[in-house]
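Novice: This is a predicted model, with the sequence first.
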Amino acid sequence: MAQGMFRISSEQLNKVQSVIAAKDALIEKMRLKERATKGLSQAKTVGEIVGTALVMGAVRGKCEKEYGNFQVPGLEFDAELALGVLITGAGFVMAQTSNRDAQRYSQDVLTVGSTILAGFARGVARNWGKTGEFSLNTIAGGASPRSLPGWVGYAPTPAVNVLDALSQTL
């Protein structure tokens, strides 16, 4: 036998091969688990997006006024925009905190906030496409209240009602 060469018995070789095969099986099992976890995570994200869109659509439909206004009471900006910015901001803060639970859920909060902002942006873009005017004051669900007949200050008064009221008093 040449110097520096070593010999391994077939029993030892079988033992090394079985250890390697066990490690390979464990690696494959971990890969399958990772794929399943990734798939569940993606399904959860899709559920969060669709669920948020459904809830915001229902809330907006229930709360907005006849002309599409869904403003924060006493302020002149859309409640959907305010909520989206607030929740998205909370997600960014949660991601930067030292609290592990907050960090763990920060991506979920960012997904919900981003979905709300995307819904608002879609509505604004829709109105921009219909009217040719881009404005964040344009209500996402309908027309800008300033463009409606009878708009007076904060509360709109439909022109027909104003004219009817005037004709009845004269």
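Specialist: That came through, no problem. Keep in mind that what you see is a predicted model, and the values were worked out from it rather than measured.

Novice: Which helix in the chain has the most residues?
Specialist: Assignment by DSSP state H gives helix 10-63 as the longest helix of the chain.

Novice: residues of the helix or strand encompassing Tyr105 that come out buried?
Specialist: Taking DSSP states H and E as the criterion, Tyr105 maps to helix 100-131. Buried residues in helix 100-131, counting neighbours by 16 or more other CB atoms under 10 Å, are found at 102, 106-107, 109-117, 119-120, 123-124, 127. Heads up, the C-betas are built off the backbone N, CA and C, glycines and all.

Novice: Which residue lies nearest the spatial centre of the protein?
Specialist: By CA atoms, centre = their mean, the chain has its centre lying nearest to Thr115, at 2.5 Å.

Novice: Could you report the distance from that one to Ala43?
Specialist: 15 Å (CB to CB, to the nearest Å).

Novice: What is the neighbour count of Val85?
Specialist: Counted with other CB atoms under 10 Å, the neighbours of Val85 add up to 15.

Novice: again with Gln71
Specialist: Neighbour tally, Gln71, other CB under 10 Å: 20.

Novice: Show the contacting residues for it.
Specialist: By CB atoms under 8 Å, 6 or more residues apart in numbering, Gln71 lies in contact with 77-79.

Novice: Which positions in the helix or strand hosting Gly91 come out as buried?
Specialist: Per DSSP H and E, Gly91 falls inside helix 79-96. Buried residues in helix 79-96, counting neighbours by 16+ other CB under 10 Å, are found at 79-84, 87-88, 90-91, 94.

Novice: In a markdown table: these, plus distance to Lys38 and pLDDT.
Specialist: Putting the buried residues of helix 79-96 into a markdown table (distance: CB to CB, whole Å; pLDDT from 0 to 100) gives the following:
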| residue | distance to Lys38 | pLDDT |
| --- | --- | --- |
| Ala79 | 35 | 83 |
| Glu80 | 31 | 86 |
| Leu81 | 33 | 87 |
| Ala82 | 34 | 88 |
| Leu83 | 30 | 90 |
| Gly84 | 27 | 92 |
| Ile87 | 25 | 94 |
| Thr88 | 24 | 94 |
| Ala90 | 26 | 94 |
| Gly91 | 21 | 93 |
| Met94 | 22 | 92 |
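
Novice: Perfect, that will be all.
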